[in-house]
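Q: No sequence on hand, only this structure:
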Ligand code: BDR
Ligand code: CA
C-alpha cells in the first residue's frame, strides 16, 4: 500500500474523501494534517478528529495553519454550514496528536524512502507549502502529490478562482514549483462528479455502516450550486482520492500551470496550458474526464466497508 499523507480542511466533501481514503487497502494513511479553509481551524480539526474517529482507525490528526501564508482564510459556511459538515453531527473523535502539521509532514517524509510518499491535498495547501519551503529536498521523498485545486475554465469563489487555490495561491505556487509528479483534480473535472437529488437517493439506498450513513447524510445536506444551475453540486475532494484507487475512471494529460498570485481580480486563478501554447515543460498531470457512474460505485462500495 502507498504510504500516504492527507492534508485537508473538513469540510463536507473532505469528509467523504477521507472516508474513501481510509477505506482503501491501496493507501496506508499515516498522517492527517488540517488547516482552516472551509471553516476555521477549531472546527476543521474537530471535524477531522471525528471523521477519523468514526472509522475506528488510529491515525494521528495534527493541526496546522490557522491562516494562509499571506492573509486570513476566508470561510465557505454558505456551502459547508457553520460547523463545516452541513449540520451533520458525528461522535467526538480522539484528541489531536501533538505538534504542528508542517513539522509532522517533514518528520514523516524524512523517515521515508525516496519517491515513496503519496500526498493528497484537499484544501488550501498551506501546511504542505510550509513543510516543503522549509526543507525543499524532501520533495525527493514524494511519489505523487494529488490535489483538488484550481480550474482551467472559470472559478467558484470568484469568477477567476477556485476556492482552495484562491485561499492560498502562494502555497499552491510553491507546490507547482517543486518538480514532483503532481496530479490535479480541478473544478472542470469535479463538475463531472455531479450529485443530483436522484444520485443522493440512489446512494442512500445502498447498504453501509455509520460512516456510509454519515456520508449520505452529508450529501443530503449540501445545497445545490448556483454555478451548476441549482440542479445539484459537484463532489470535489473525493475525486482526488479516487484517482489513486481507480485511475481507469479518468482521462488525463500533461499540462503546464501557474497560479495568479497578484492582488487583482485574477488572484488565485490557475492558468493552465492544456495545449502547449507556451511550449513550457509540463508540471502537472491534469485530470480531464471522469466516469461518474464508476466514481459513485467506487464511493459506495469502498465506504461501505468501513464501520
Ligand atoms: C474545494 O473547496 C472546498 O470548499 C471544498 O472542500 C473543495 O476542497 C472546492 O472548490
Ligand atoms: Ca476541501
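A: Alright, I've got the coordinates. The structure displayed is predicted, hence computed values, not measured ones. Numbers count the residues shown, from 1 in each chain. Ligands and ions are numbered 1, 2, ... in the order given.
Q: separation between residue 237 and residue 115?
A: With distances taken as Cβ to Cβ, to the nearest Å, residue 237 is found 25 Å from residue 115. (Glycine included, C-beta is placed from N, CA and C.)
Q: Give me the more crowded residue out of these two.
A: Remark: of residue 237 and residue 115, residue 237 carries more neighbours, 31 against 13, as counted by other Cβ atoms under 10 Å.
Q: Tell me which residues touch that one, please.
A: 8, 11, 13-14, 16-17, 122, 148 (Cβ atoms under 8 Å, 6 or more residues apart in numbering).
Q: Excluding covalently adjacent residues, which one is nearest to it?
A: residue 17 (3.8 Å; Cβ to Cβ, 6 or more residues apart in numbering).
Q: Which element, helix or strand, includes the one you found?
A: helix 12-22 (DSSP states H and E).
Q: which residue is nearest the centroid of the chain?
A: What sits nearest the mean C-alpha location of the chain, by Cα atoms, centre = their mean, is residue 122, with 1.7 Å.
Q: Same question for stretch 109-117: list its buried residues.
A: 109, 112, 117 (16 or more other Cβ atoms under 10 Å).
Q: of these, closest to residue 126?
A: residue 109 (16.5 Å; Cβ to Cβ).
Q: Doesn't the closest one belong to a helix?
A: Yes: assigned with DSSP: H, G, I helix; E, B strand; the rest coil, residue 109 falls within a helix.
Q: Do I have it right that it meets residue 128?
A: No: if you go by Cβ atoms under 8 Å, residue 109 and residue 128 don't touch, sitting 10.3 Å apart.
Q: Skipping adjacent residues, who's closest to the residue of the stretch 201-307 of the chain found nearest ligand 1 in space?
A: Across the stretch 201-307 of the chain, the shortest distance to ligand 1 (Cβ to the nearest ligand atom) belongs to residue 236, at 4.1 Å. Nearest-residue entry for residue 236: residue 190, 4.2 Å, with adjacent residues in sequence omitted and distances by Cβ to Cβ, 6+ apart.
Q: For that neighbour, give its distance to residue 155.
A: 12 Å.
Q: who's more crowded, these two?
A: The neighbour count for residue 190 versus residue 155, taken as other Cβ under 10 Å, is higher for residue 190 (24 against 21).
Q: wait, is residue 258 part of a strand?
A: Yes: under three-state DSSP, residue 258 falls within a strand.
Q: If we ignore the residues flanking it in sequence, what's nearest residue 87?
A: That would be residue 81: by Cβ to Cβ, 6+ apart, it lies 4.9 Å from residue 87.
Q: That neighbour contacts residue 221, doesn't it?
A: Yes: shown here, residue 81 and residue 221 form a contact pair, counting by Cβ under 8 Å, at 7.1 Å.
Q: So which residues of the stretch 1-150 of the chain form strands?
A: Applying DSSP state E, counting those that start in this stretch to the stretch 1-150 of the chain gives strands spanning 2-8, 27-34, 61-63, 117-121, 142-148.
Q: Can you add mean pLDDT and distance to residue 70 and give these back as JSON lines?
A: Below are the strands of the stretch 1-150 of the chain laid out as JSON lines (pLDDT from 0 to 100; distance: least, Cβ to Cβ, whole Å):
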{"stretch": "strand 2-8", "mean pLDDT": "98", "distance to residue 70": "18"}
{"stretch": "strand 27-34", "mean pLDDT": "98", "distance to residue 70": "20"}
{"stretch": "strand 61-63", "mean pLDDT": "98", "distance to residue 70": "20"}
{"stretch": "strand 117-121", "mean pLDDT": "98", "distance to residue 70": "18"}
{"stretch": "strand 142-148", "mean pLDDT": "98", "distance to residue 70": "19"}
